[in-house]
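# no letters, just coordinates:
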């Protein structure tokens, strides 16, 4: 059989498949009537029904305007929208031998950061730390006298966690060097705060910096 003969037979077979099967099944066109007899028209007439979701879905948000540029409705306590992207800062805190340092982040209420701090190249017990917060002097009258809230206290060489401010004010870390010799504490913070300050520094009990709140 010559090549031309093979091509002719292949073309004829393809045409037959198109007329007898593809057109009736895919498009409902049956020029020869054989498609109906072969059941191909039934394929074309069948419809695929979308599966229906029979589970339960609930949205814990109230009514809102879907056309609004910003939708503030959210699940309370899970999402708190911000006007700006979060910021990230790495702070190397040098602490002298027998030194004390306090770093604070000024935060509105109900804002969050994640943090990690570690004593670089510790040789002993690291630091005594006191993670706490208190209101600004302007807001102090709204709280009990000398109000302060402790979040974490102890001794160690590192700690990581997340924090959400329970009230507007100054929140952050006090470190006391309990190693022998000066140390560096590397503090990494990502999240939302308005301003960061070194509030307090002392060496052997002598205060060399004390910033008013």
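Perfect, I can see it now. Nothing here was measured: the structure is a model prediction, and the numbers come from that model.
# specify the local secondary structure of residue 166.
Reducing the assignment at residue 166 to three states with DSSP: H, G, I helix; E, B strand; the rest coil gives coil.
# which residues does it contact?
For residue 166, the contacting residues are 109, 110, 133, 149, taking C-beta atoms under 8 Å, 6 or more residues apart in numbering as the criterion. C-beta: built from backbone N, CA, C; applies to glycine.
# where exactly do the helices run in the chain?
Under the criterion DSSP state H, helices of the chain are mapped to 3-17, 34-37, 40-45.
# need the contacts of residue 166 in TSV (columns: distance to residue 201).
Shown next, in TSV, are the contacts of residue 166 (distance: C-beta to C-beta, whole Å):
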residue	distance to residue 201
109	28
110	30
133	19
149	22
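# neighbour-wise, which of the residues you listed leads?
Of those, residue 133 is surrounded by the most neighbours, 21 neighbours in total, counting by other C-beta atoms under 10 Å.
# hang on, isn't that one packed against residue 164?
No: using C-beta atoms under 8 Å as the test, residue 133 is too far from residue 164 to be in contact (10.9 Å).
# domains of the chain?
Per the record's domain assignment (the TED database), the chain is made up of the domains 3-45, 87-210.
# least confident of these, on average?
Per-stretch mean pLDDT for the domains of the chain is lowest at domain 3-45 (a mean of 63).
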